[in-house]
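Colleague: What follows is a predicted protein model with its sequence.
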Amino acid sequence: MPISKLQFRPGIDKQNTQYGAEGGWVDCDMVRFRYGVPEKIGGWEPAVNNNLIGVARDIHTYTDLAGDSLAAIGTDRKLYLYYDNNFYDITPLSTTIPAVFSFTSGTTIVDVTATSNGAVAGDFVTFSGVTGVLLQPQELLQLQDQQVALHSK
């Protein structure tokens, strides 16, 4: 059987069906045409190295009065603002309650007792203004940006 050259029309024909666009392309992803020949485009790369907590459900892009472009991204767990190649957690805080911290010597376990707080398993908790706790600077650095899991007793 002799080898025959196939001739395809350049570009994507989205107006016809696959049968109606015979000899042409009807669908593609990350492809461009140069000199009438399809060529692969590099693809996507992440804008930042941060991972969002939760699954993104909606995004709202807008420009503020100063002309800055922003994006508000809502996940099923948090609300983020994307500005200047950074994500900022802008999830509203629900309440402030007093709590008692208990440490077990020789372990990394900290028990937090806060009654009638309304928190359920899976909620996020932020501790700030903790007093009466003596930590070395390296221990304090290890505590920052840690996720806390809530367990009911």
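Modeller: Received it, and whenever you're ready, just let me know what you need.

Colleague: The residue nearest the centre of the chain: which element?
Modeller: The centroid of the chain falls nearest to residue 52 when counting by CA atoms, centre = their mean (2.7 Å). Using DSSP states H and E, residue 52 falls within no helix or strand.

Colleague: Wait, it touches residue 74, no?
Modeller: No: using CB atoms under 8 Å, residue 52 is not in contact with residue 74; the gap is 9.9 Å. To be clear about C-beta, it is placed using only N, CA and C from the backbone, and glycine gets the same treatment.

Colleague: Now do the shared contacts for the two.
Modeller: residue 80 (CB atoms under 8 Å, 6 or more residues apart in numbering).

Colleague: quick one, strands of the protein?
Modeller: For the chain, strands defined by DSSP state E occupy the ranges 31-34, 37-40, 56-63, 69-75, 79-83, 86-89, 100-103, 110-113.

Colleague: out of those, deepest packed?
Modeller: strand 79-83 (a mean of 17; mean count of other CB atoms under 10 Å).

Colleague: Which parts of this protein are helices?
Modeller: Listed in chain order, the helices found in the chain under DSSP state H are 137-143.

Colleague: Which parts of it belong to which domain?
Modeller: What automatic domain parsing lists as the domains of the chain is 9-45, 56-89, 93-153.
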